[in-house]
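> what's the 3D shape of this:
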Amino acid sequence: RPAPGAAGLGPALPLRLTGVKICGGIALGRAVLHQPSVAIKRVVAEDPEAELKRLREAVAGLHDALDTMMASSDLAASGEHRDVLEAYRMFAEDRGWLGRIREAIRSGLTAEAAVQKVQNDTRVRMNQVEDDYLRERLSDLEDLNNRLMQHLAGGGAAAPALELPEDAVLVAHNMGPAELLDYDRRRLRAVVLEEGSPTAHVSIVARALDIPLVGRVKDVFSRVDPLDPIVVDGDTATVMLRPAEEAKQTYAHAISQKAERRASYAKLKDLPCVSRDGVAVALNINAGLLIDLAQLDDGNAEGVGLYRTEIPFMVRAAFPDVAAQEQLYRQVLDRAGDRPVTFRTLHV
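So this is what the prediction gives:
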């Protein structure tokens, strides 16, 4: 798509796109394009030992940065998002990944070129995998490679908070969970991805932070310009680029109405759940993540009508063992208190 006003064409027109609902909610803001990249200035290494030393220092910096990120106040609590970050941290210590980078350095490449070579090789292998869940881990690995490249280049986080507008909406092909956390959550309103799925690690972190996210929005990255006005309706999986003023007012009104409805629901939550003809109705929530259990208090629900136990198998680097599952279910029961919980068991 030509840039707005290019070749006398005038401003780009409004555009409505659809995708897949991942995290609900409505947001109105300006587009910020997520496109991490680090230029490789040298490919051939003159001193492989010096490059190996640079790699060690960069890996140490990467680990320290991830530890600092995981210690932040809104991510330190237990939950599936914490499991995601723990798994991501494990990827960063993978001996096979680091060993392949060292081998490439010893073959004569600089540290940056070695990381890029391993990244390209991994991308080729992962794209041949038929399992959708395993292919989704590619975005995590791409994120790690890009992050390591930034440390090799002498940088840290890829997204300084000062570069974000107050109402930022991230638009990306795809991204890993740590990439999302690079951005200032106080300014971040929503995320739009060309790829993505409900079980992707970035989706689970976005849900933990209550950030609307729409995935699988075809060609959105090539159709939006930086700071374009954008509306994200996570409830209907709709994205509007450069909406007309009337449409922006409509969505702004919808956001205001939603806040008012939440306030009115809060006033009703302590009333008995009874039909007009006096029949009591049990109100339970449907959950699959620990963060969903906040709805027990938000809606004053009587319990958890269904807790989907397959989700922990999807968010970890390896299947949770008996002890890990027991710990998770104990947390669910502790959080529910005296309220009943129905677990849907999973046979592996």
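
> Off-centre distance for the helix or strand where Glu49 lies?
For Glu49, the host element (DSSP states H and E) is helix 48-70. Taking the mean of its C-alpha atoms, helix 48-70 sits 24 Å from the chain's own mean (C-alpha atoms, centre = their mean, to the nearest Å).

> Which secondary structure elements does that helix sit against?
Taking 3 or more C-beta pairs under 8 Å, 6 or more residues apart in numbering; DSSP states H and E as the contact definition, the neighbouring helices and strands of helix 48-70 are helix 80-91, helix 95-106, helix 111-127, helix 132-152, helix 177-181. Bear in mind the C-beta positions are built from the backbone N, C-alpha and C, glycine included.

> can I get the ones you listed in TSV with mean pLDDT?
As requested, the helices and strands packed on helix 48-70 are exported to TSV (pLDDT from 0 to 100):
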stretch	mean pLDDT
helix 80-91	71
helix 95-106	92
helix 111-127	88
helix 132-152	78
helix 177-181	81
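
> rewinding a little: what are the buried residues along the helix holding Glu49?
Using 16 or more other C-beta atoms under 10 Å as the test for burial, helix 48-70 gives 48, 51-52, 54-55, 58-59, 61-62, 65-66, 69-70.

> what bits of the stretch 151-300 of the chain have low per-residue confidence?
Low-confidence segments of the stretch 151-300 of the chain, defined by pLDDT under 70, are located at 155-163.

> rerun that using 90 as the cut-off
Within the stretch 151-300 of the chain, the set of residues satisfying pLDDT under 90 comprises 151-164, 173-186, 195-210, 222, 244-273, 276, 282, 286-300.

> mind listing the strands for it?
Here the stretch 151-300 of the chain has its strands, by DSSP state E, counting those that start in this stretch, at 168-172, 188-193, 213-215, 229-233, 238-241, 284-287.

> Reformat those strands as CSV; add distance to Arg262 and mean neighbour count.
What follows is these, written out as CSV (distance: least, C-beta to C-beta, whole Å; neighbours: other C-beta atoms under 10 Å):
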stretch, distance to Arg262, mean neighbour count
strand 168-172, 21, 25
strand 188-193, 17, 26
strand 213-215, 19, 28
strand 229-233, 17, 25
strand 238-241, 21, 22
strand 284-287, 16, 19
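
> Figure out which of those strands is closest to Leu141.
strand 168-172 (15.6 Å; C-beta to C-beta).

> rewinding a little: who wins for proximity to Asp121 among the strands of the stretch 151-300 of the chain?
Nearest of these to Asp121, taken as C-beta to C-beta: strand 168-172 at 22.9 Å.

> just the angle between the closest one and strand 229-233, please?
What separates the directions of strand 168-172 and strand 229-233 is an angle of 80 degrees, with axes from the mean of the first three to the mean of the last three C-alpha atoms, to 10 degrees.

> Note down every partner strand of strand 168-172 and its orientation.
Strands adjacent to strand 168-172 in the sheet, as given by DSSP bridges, are strand 26-33 (parallel), strand 188-193 (parallel).

> how many other residues sit next to Leu164?
Taking other C-beta atoms under 10 Å as the criterion, the count of residues near Leu164 is 18.

> sorry, back to before: what's the most buried one of the helices and strands packed on helix 48-70?
Compared across the helices and strands packed on helix 48-70, helix 177-181 shows the largest average neighbour count, a mean of 25 (mean count of other C-beta atoms under 10 Å).

> Output that helix as CSV, nothing but the C-alphas.
As requested, the backbone C-alpha atoms of helix 177-181 are provided in CSV (Å, rounded to 0.1, in the frame of the first residue of the first chain):
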residue,chain,number,x,y,z
PRO,A,177,6.0,-13.1,25.4
ALA,A,178,9.1,-11.1,26.5
GLU,A,179,8.8,-8.8,23.5
LEU,A,180,5.4,-7.7,24.7
LEU,A,181,6.8,-7.0,28.2
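
> same for that helix, what does it pack against?
Using 3+ C-beta pairs under 8 Å, 6+ apart as the contact test, the elements touching helix 177-181 are helix 48-70, helix 80-91, helix 132-152, helix 201-208.

> Work out the gap between it and the centre of the chain.
Distance of helix 177-181 from its chain centroid, counting by C-alpha atoms, centre = their mean, is 6 Å.

> and what of stretch 175-193?
Worked out by C-alpha atoms, centre = their mean, stretch 175-193 lies 7 Å from the chain centre.

> Ends of that stretch, what's the gap?
The first and final residues of stretch 175-193 sit 8 Å from each other (C-alpha to C-alpha, to the nearest Å).

> per-domain residue ranges of the chain.
The record's domain split for the chain, according to automatic domain parsing, is 6-35+160-255, 48-152, 284-344.

> Alright, calling it a day.
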